[in-house]
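Student: Need the 3D shape of this:
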Amino acid sequence: MSTLKLAWRNLLRNRRRTLATLLTMVVGMIAVLLFGGYHRTVVYGLQTAFVRGGGHLQVQHKDYFVYGGGNPAAFGVNDYQRVMRVIADDPQLKPMIAVITPILTLGGIAGHYAVGASRTVMALGSEADGQNRLRQWDDYHFGDRFRLKPVALTGTSPDSAVIGVGVARVLQLCEALQVRHCPPGPKTAATASDPLPADIAALADAEARPAADDRIELLAATASGAPNVARLKLVKAESQGVKELDDMYVGLHLRQAQQLVYGNSPPSVTAIVVQLRHSSQIDAASARLKQLFAGPLKDQPLAARDFATLQPQYGQITGMFGTIFGFVSLLIGCVALFTIGNTMNMVVLERTVEIGTLRAMGLRRAGIRRLFLCEGVLLGAAGSALGVLASLLLAALINRAGLTWTPPGSVEPNPILIILWGEYRLLGLSSLGLLLMATLSAWWPARRAARFDIVDALRHA
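Tutor: Below you'll find the model as predicted:
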């Protein structure tokens, strides 16, 4: 009789204990896989959000990332349209690139002088069409569950703008923009002692039109250091998810931002957003961009930085979830280790006479060890298989339940999803881990059983 068949029969001799041990392993396997599947959802969801917002890579002035925050205009990408053409038409990059679009960030002061209110802001100039195409990226097949609406600037006039809810609150525009849950501030209409500053008024509109509740003035410094102002028509106030950003955000069309910063001079941008078809292409695209920067684009000091570098919170959040997943897996592994070890110890004690009989019949110590190790392997294999099947079933039920949560930095609830199907590495490593735990748990009892003295074992009855 083969060792495998004998081990299987031995497991069936005490079905209740075997079932209890197997159930513990299956529950542990389910816990590991469901949390692991949710961890993958968090990673893929964060990556999707960052890639849709700022692409996989951004081509910038090489010093912009370190020093550009203080003076974006001084670290811009000159002749950016030529740079975009070189990148988009490159034979190696062209099959990888899904979207390439420019952006311009600038600091300034937004004022609503109808009520005598103003505050410092950080403005983002972008092309609405490019931003909408960025939002269509779905490499991980989330589908409609993570579908984003078109940007609010889509189809609006060139002087349109979107502001954060915090900016609307400070500038007392909640009522005009119909912002919910935004308490209006005290109305303090401008008086003769608090007029619109003469220089700003002259820059804003030579005809000196009266301020309106749907318009603000954005004052910024040009690339040469002179002040410039634009009168913007507000389209909407949107929550940005983070209060610090919400209190400073102004979004406007790229051309309007360029006129504000560069006037009639040749315009630049602070970054060229490059979105790839697949995240796995980041390294290859980065290497090729470096070659272009040293070749056709060597006339400008350029650098390409990926989204993980531009958004440090991505690594922090995924690292935190990875640590939690590792800790949970270790705890469950310890539980499985001691549960299987305790079961195998009880089996050894109950079968002491049987072990002595087998040894008296000529079975060697290695055969005894092999028999008990085989029982542990069978338990581990059965627990892994049943755990994987149960996890896939539960993951499908959870994904269909429509559960949602609002993660940090998000303004809309996200669905709670468990991504397991297709995650072969997670499934394989978890199954292998449980199998190794079961084998390790059976090793010490098997070793002890093999060391029994034949006479003492037979006398045990």
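
Student: alpha carbons only for contacts and neighbour counts from here, please
Tutor: Will do.

Student: And the helix or strand hosting I332, what's buried?
Tutor: Secondary-structure assignment from DSSP states H and E places I332 in helix 312-350. For helix 312-350, a neighbour-count test (16 or more other CA atoms under 10 Å) marks 314, 318, 321-322, 325, 328-329, 332-333, 335-337, 339-345, 347-348 as buried.

Student: How much space separates T105 from W137?
Tutor: Distance from T105 to W137, counting by CA to CA, to the nearest Å: 23 Å.

Student: swap in P72?
Tutor: Distance from P72 to W137, by CA to CA: 28 Å.

Student: okay, these two: which has more neighbours?
Tutor: Neighbours were counted for P72 and for W137 using other CA atoms under 10 Å; W137 has more, 24 against 21.

Student: Mind listing the strands the helix or strand encompassing A98 pairs with, and their directions?
Tutor: For A98, the element it lies in under DSSP H and E is strand 97-112. Here strand 97-112 is paired, per DSSP bridges, with strand 117-126 (antiparallel), strand 215-221 (antiparallel), strand 271-276 (antiparallel).

Student: Not counting the helix or strand following the shortest one itself, show me its contacts.
Tutor: Put plainly, it is strand 271-276. Taking DSSP H and E as the definition, the helix or strand that follows strand 271-276 towards the C-terminus is helix 282-293. Under the contact criterion CA atoms under 8 Å, 6 or more residues apart in numbering, helix 282-293 has outside partners 56-57, 87, 92-93, 96, 276, 298, 300-306.

Student: Top of the residues you listed by number of neighbours, please.
Tutor: For the contacts of helix 282-293, neighbours were counted by other CA under 10 Å; the highest total belongs to H56, with 29 neighbours.

Student: Test my guess that that one contacts I272.
Tutor: No. Between H56 and I272 there is no contact under CA atoms under 8 Å: 10.8 Å.

Student: what's the weakest-modelled helix or strand in the protein?
Tutor: Using mean pLDDT, DSSP states H and E, the weakest-scoring helix or strand in the chain turns out to be helix 198-204, at a mean of 54.

Student: before we move on, the earlier item: so for the helix holding I332, what's the average pLDDT?
Tutor: Mean pLDDT, computed over helix 312-350, is 81.

Student: Can you list the buried residues in the helix or strand hosting A396?
Tutor: Secondary structure assignment for A396, by DSSP H and E: helix 365-400. By 16+ other CA under 10 Å, the buried positions in helix 365-400 come out as 365, 367-384, 386-388, 390-392, 395-396.

Student: Repeat that for stretch 266-273.
Tutor: Those would be 267-273, for stretch 266-273 by 16+ other CA under 10 Å.

Student: what's the closest of these to T21?
Tutor: V273 (54.0 Å; CA to CA).

Student: Quick check: the nearest residue to F146 once chain neighbours are set aside vs R40, distance?
Tutor: Residue nearest to F146 in three dimensions, not counting chain neighbours: N414, with 7.2 Å by CA to CA, 6 or more residues apart in numbering. Distance of N414 to R40, given as CA to CA: 14 Å.

Student: What of T309?
Tutor: Distance, T309 to R40, using CA to CA: 20 Å.

Student: ok, these two, which is more surrounded?
Tutor: More crowded of T309 and R40, by other CA under 10 Å: R40, with 21 against 12.

Student: which residues touch that one?
Tutor: Per CA under 8 Å, 6+ apart, neighbours of R40: 418-419.

Student: can you pull the buried residues of the helix or strand where it lies?
Tutor: Element membership for R40 (DSSP H and E) is helix 15-54. Across helix 15-54, burial judged by 16+ other CA under 10 Å covers 18, 21-22, 24-54.

Student: Could you do stretch 418-430 as well?
Tutor: 418-420, 426-427, 430.

Student: Now stretch 145-154: buried residues?
Tutor: For stretch 145-154, using 16+ other CA under 10 Å, the buried residues are 146, 151-153.

Student: So for that stretch, mean pLDDT?
Tutor: Stretch 145-154 comes out at a mean pLDDT of 85.

Student: Render the CA-only coordinates of that stretch in PDB, please.
Tutor: Extracted C-alpha coordinates of stretch 145-154, given in PDB (Å, rounded to 0.1, in the frame of the first residue of the first chain):
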ATOM      1  CA  ARG A 145     -17.300  51.300 -10.900                       C
ATOM      2  CA  PHE A 146     -14.400  53.800 -11.100                       C
ATOM      3  CA  ARG A 147     -15.700  55.900 -14.000                       C
ATOM      4  CA  LEU A 148     -15.000  59.600 -13.700                       C
ATOM      5  CA  LYS A 149     -17.100  62.400 -15.100                       C
ATOM      6  CA  PRO A 150     -15.600  64.900 -17.600                       C
ATOM      7  CA  VAL A 151     -13.800  67.800 -16.100                       C
ATOM      8  CA  ALA A 152     -16.000  70.800 -15.300                       C
ATOM      9  CA  LEU A 153     -14.200  73.000 -17.800                       C
ATOM     10  CA  THR A 154     -15.300  70.900 -20.700                       C
END
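
Student: what angle separates the host helix or strand of S430 from helix 365-400?
Tutor: Per DSSP H and E: S430 is located in helix 424-450. Interaxial angle, helix 424-450 versus helix 365-400 (axes from the mean of the first three to the mean of the last three CA atoms, to 10 degrees): 150 degrees.

Student: what helices or strands is helix 424-450 leaning on?
Tutor: Here helix 424-450 touches helix 15-54, helix 312-350, helix 365-400, going by 3 or more CA pairs under 8 Å, 6 or more residues apart in numbering; DSSP states H and E.
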